[in-house]
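A.B. asks: just to be clear, the model below is a prediction. Sequence and coordinates:
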Amino acid sequence: MSLLEASSRVAILGGGLMGRLLALALARRGHAIDLYDAQGPAGEGAAARVAAAMLAPLAESAITEPGVVRMGQHGLKRWPELLAQLDAPVFHQQNGTLILWHRQDQGDAQRFFGVLEKNRRINPSLPAMQSLAGAELQACEPALQSRFTQGVYLPGEGQLDNRQLLAALVSTLEHMGVKLHWNSPRELCDFAPGTAGQPDFVFDCRGLGARTQWRQLRGIRGEVVRVHAPEVTLQRPTRLIHPRYPIYIAPKEDHLFVIGATEIESDDMSPASVRSTLELLSAAYTVHPGFAEARIVEIATQCRPTLPDNLPAVRLLAPRVMEVNGLYRHGFMISPAMLDVVLELIDEDGDSALAREFDVAVHRESEHALAAH
C-alpha cells in the first residue's frame, strides 16, 4: 500500500535541494505539487546555494559514518540519471579527487590517509587510494607544475555546479506545471492534509527553517569563497591537508573556483571573518600562484541543518506528514539516496529497505515523544 494515492495533491515546504528534487520526482509520478519557500528561486536561504557540491564518499569517510558513505556511493550512480531529467545542462564531472599536502603537514596527511584506509576496510566497495609522485602526479594534474612532490588520488569521486542545478530544477519544475510559491513561508500548522480543500500529503524539507517543528536541529556554519581565476586550470576537486581542517578547491566551468572548508558550531549567518577568508585564499595560493590574480566573485556564509548525531533522518507524523532533514555538510552527496529513501517510504507504506541499508533513522509519531518535538 502506498502513502500516496494516484494523482494526489502534495504540498512541499522548503525549496532547497531536497525540496526541489522531491517535487521533481513526485511531479513525474503524476502528482499535483505546490512548493513553498520563504525566499526566492535562487535559493538565497538554502544551504545548497553556498556549497561546493562535491560528491566524495571516500574523502568524506574521514569525518562521517559508514551509512553516509554508502549514501554517497549511491549518489554517484544516481546523479547522472537525475540530471538527465532536467531541461537545462548542469556541469557534472567524475574525475576523482586529488589530495595534496605541504611537507610540514606530512604527519597530518598520514593520519588522514590512515583513517581513509580503515574506512575502506569497513566498506570494501570503496575504490583504493592511489599514491602519486613525480611524473605520475604531474600527469594527473599538470597545472601543479612540480609544486608538490606527492599526492593521493581518489578515483571515481565527482562534483557538480550547485547553482546551475538549482536553476535547472526551477525551470524544469515550471515546465512540468509545479506551482512554485516563492517568498511564501509556511508552517506545518498551516495545513490539515486529507481534509476538504487541503493537500493530501505534506512534506517538510525546510532545513533550519523547520526548527519550530524539529527542535533538535542546529546550524553548522560554513564559509566559501568563489573566485574567477583565468590562470588556473585544475581538472578536478583538490583538497589540501591543513593543520586545522582540509581545505577544498572545486573547479567549475569557465575558471570559476569554489574554495572552502570552514566548519563552525554556530547559527551565526553574519559575513565571513577576515581570519577564515585569509586562510582559505592563502591556502589556494599555495596550491597554484595563479590564484594571486584571481578576482573574488563572492564571499558567502550559510548554516547547514544538522541533527545531534550529524546524520540525516526522516519523521513520519500523523496524519499525512513527512519531515526530511539533517543533511548537514553532505547535502549534494547524499540527497539522491535520501530522495530514494523517501520514495520507498511512500511506496511501501512507511517501510524502506534503503533506509536500513543507509542507516537512516525513520521516526514515527509515537516514537520519542514527537508530539513534544
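C.D. replies: Received, thanks. For clarity, every value in this text was computed on a predicted model and none was experimentally measured. Numbering: from 1, shown residues only.
A.B. asks: buried residues, the worst-scoring helix or strand of the chain on mean pLDDT. List them.
C.D. replies: Between all helices and strands in the chain, the lowest mean by mean pLDDT, DSSP states H and E belongs to strand 256-265, at a mean of 87. Residues of strand 256-265 classed as buried by neighbour count (16 or more other C-beta atoms under 10 Å): Leu256, Phe257, Val258, Ile259, Gly260, Ala261, Thr262, Glu263. Just so you know, the C-beta spots here come from the backbone N, C-alpha and C atoms, and that holds for glycine as well.
A.B. asks: may I have it as PDB, with CA atoms only?
C.D. replies: These are the backbone C-alpha positions of strand 256-265, laid out as PDB (Å, rounded to 0.1, in the frame of the first residue of the first chain):
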ATOM      1  CA  LEU A 256      35.300  29.600 -11.600                       C
ATOM      2  CA  PHE A 257      36.500  28.100  -8.300                       C
ATOM      3  CA  VAL A 258      34.700  27.400  -5.000                       C
ATOM      4  CA  ILE A 259      37.100  27.400  -2.100                       C
ATOM      5  CA  GLY A 260      36.000  26.400   1.400                       C
ATOM      6  CA  ALA A 261      36.300  24.200   4.400                       C
ATOM      7  CA  THR A 262      35.400  26.300   7.500                       C
ATOM      8  CA  GLU A 263      33.000  24.500   9.800                       C
ATOM      9  CA  ILE A 264      31.900  26.200  12.900                       C
ATOM     10  CA  GLU A 265      29.300  25.200  15.600                       C
END
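A.B. asks: which residues make contact with it from outside it?
C.D. replies: Contacting residues not belonging to strand 256-265 are listed as 51-53, 218, 220-229, 232, 234, 242, 245-252, 272, 276, 279-281, 283-284, 291, 294, 297, 329 [C-beta atoms under 8 Å, 6 or more residues apart in numbering].
A.B. asks: give me the sheet partners of that strand and which way each runs.
C.D. replies: Sheet pairing of strand 256-265 (DSSP bridges) gives strand 218-228 (antiparallel), strand 247-251 (antiparallel).
A.B. asks: separation between the residue nearest the centre of the chain and Tyr285?
C.D. replies: Geometric centre of the chain, nearest residue: Gly331, 2.1 Å, by C-alpha atoms, centre = their mean. For Gly331, the distance to Tyr285 (C-beta to C-beta, to the nearest Å) stands at 28 Å.
A.B. asks: got it, and Arg315?
C.D. replies: 45 Å.
A.B. asks: higher neighbour count, these two?
C.D. replies: Ranked by neighbour count (other C-beta atoms under 10 Å), Arg315 and Tyr285 place Arg315 first, with 22 against 13.
A.B. asks: show the low-confidence segments of this structure, by residue range.
C.D. replies: Low-confidence segments of the chain, defined by pLDDT under 70: 262, 366-373.
A.B. asks: narrow the contacts of strand 256-265 to just the buried residues.
C.D. replies: Taking 16+ other C-beta under 10 Å as the criterion, what is buried in those is 51-53, 218, 220-227, 229, 232, 234, 242, 246-252, 272, 276, 279-281, 283-284, 291, 294, 329.
A.B. asks: mind listing the strands for the stretch 251-373 of the chain?
C.D. replies: 256-265, 295-306, 313-317, 321-325, 361-364 (DSSP state E, counting those that start in this stretch).
A.B. asks: ok, the longest one: who's next to it in the sheet?
C.D. replies: Pointing back at strand 295-306 there. With DSSP bridges as the test, strand 295-306 is paired with strand 218-228 (antiparallel).
A.B. asks: so how far is the partner strand from its chain's centroid?
C.D. replies: Counting by C-alpha atoms, centre = their mean, to the nearest Å, strand 218-228 is centred 13 Å from the centre of its parent chain.
A.B. asks: following element in sequence after it, please.
C.D. replies: The helix or strand immediately downstream of strand 218-228 is strand 238-240, counting by DSSP states H and E.
A.B. asks: give the pairing partners of that following strand; include direction for each.
C.D. replies: Here, using DSSP bridges, strand 238-240 pairs with strand 97-100 (parallel), strand 247-251 (antiparallel).
A.B. asks: okay, helices next: where are they in this structure?
C.D. replies: With DSSP state H as the criterion, the chain has helices at 17-28, 57-60, 66-83, 106-122, 135-140, 162-175, 274-287, 331-347, 353-358.
A.B. asks: okay if I get the ones you listed as TSV plus distance to Gly151?
C.D. replies: Below are the helices of the chain laid out as TSV (distance: least, C-beta to C-beta, whole Å):
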stretch	distance to Gly151
helix 17-28	31
helix 57-60	13
helix 66-83	21
helix 106-122	10
helix 135-140	5
helix 162-175	26
helix 274-287	11
helix 331-347	22
helix 353-358	31
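A.B. asks: single out the most deeply packed of these.
C.D. replies: helix 57-60 (a mean of 25; mean count of other C-beta atoms under 10 Å).
A.B. asks: shouldn't Ile296 be in contact with Val227?
C.D. replies: Yes - contact criterion C-beta atoms under 8 Å: Ile296 and Val227 qualify, at 5.5 Å.
A.B. asks: ok, and what's touching stretch 133-149?
C.D. replies: By C-beta under 8 Å, 6+ apart, stretch 133-149 touches 98, 100-103, 132, 150-151, 153, 232-236, 238, 287-288.
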